[in-house]
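1. Here is the input, now give the coordinates:
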Amino acid sequence: MQPNLGPGEDFQLLLERQVREMQSKAAALNEAISAAGATVRTRDGAVTVTLAPNGALTNLELGHRACELGPARLTKAIMGAVRDAQRQTARAVADSFATINGDGESTDMVRSFLPPDPPPDGDFAAPESAAEPERTPPPAPPRPPAPPSAPRRRPPADDHLDDESNPW
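-> Down below sits the predicted model:
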């Protein structure tokens with residue numbers, strides 16, 4: 001395969017130009033990915049999370065409403081906000097990659113790793129229904145250990161008629 005040389009260009013100049021282009025793309029991609037973190041706040045303002053471009057949680061803020069949610073709903077709100085921020089961060093990284101490299105197999109591969117969208121009812125800090133939550137019964141108390149069984153005795157030596165069915 002012949003390289004695509006311009007008039008008066010030699011192979012070394014072509015390689016140097018390609019190296020400069022690749023370095024420029026790498027720098028642009030690095031800059032774009034560095035800015036790809038996300039901050040997400042729940043609708044009610046109870047939870048705010050910030051993620052770095054690699055998906056690491058860098059900040060978690062609980063608003064005044066967080067205490068009103070209770071442990072289960074607060075946990076659900078935090079996890080929902082983190083998942084939303086992870087989706088935003090992953091999309092920003094994939095979009096940055098596509099902007100620098102264009103659409104192609106490598107961009108399709110990067111996009112194949114994007115997290116799925118949430119279900120339509122994904123309001124993670126929404127009030128719970130008025131129904132009573134299911135309660136699990138407390139565990140049964142442990143049973144006392146069974147008394148030891150009586151030791152087995154050997155049959156008398158003169159009982160040799162039953163030797164075939166009883167090895168004792």
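
2. could you pull out the strands for this structure?
-> According to DSSP state E, the chain carries its strands in the segments 38-41, 47-51, 57-62.

3. got the contact list for the last one?
-> Judged by C-beta atoms under 8 Å, 6 or more residues apart in numbering, the contacts made with strand 57-62 from elsewhere in the structure are 37, 39, 46-52, 74, 78, 82. For glycine as for every other residue, the C-beta is placed from the backbone atoms N, C-alpha and C.

4. neighbour-wise, which of those leads?
-> Greatest neighbour count in the contacts of strand 57-62, by other C-beta atoms under 10 Å, goes to residue 47: 26 neighbours.

5. follow-up on the earlier one: mind putting the contacts of strand 57-62 into JSON lines with distance to residue 105 and pLDDT?
-> Below are the contacts of strand 57-62 laid out as JSON lines (distance: C-beta to C-beta, whole Å; pLDDT from 0 to 100):
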{"residue": "37", "distance to residue 105": "27", "pLDDT": "87"}
{"residue": "39", "distance to residue 105": "32", "pLDDT": "94"}
{"residue": "46", "distance to residue 105": "42", "pLDDT": "94"}
{"residue": "47", "distance to residue 105": "38", "pLDDT": "95"}
{"residue": "48", "distance to residue 105": "37", "pLDDT": "96"}
{"residue": "49", "distance to residue 105": "33", "pLDDT": "96"}
{"residue": "50", "distance to residue 105": "33", "pLDDT": "95"}
{"residue": "51", "distance to residue 105": "28", "pLDDT": "93"}
{"residue": "52", "distance to residue 105": "28", "pLDDT": "92"}
{"residue": "74", "distance to residue 105": "43", "pLDDT": "94"}
{"residue": "78", "distance to residue 105": "37", "pLDDT": "95"}
{"residue": "82", "distance to residue 105": "31", "pLDDT": "93"}
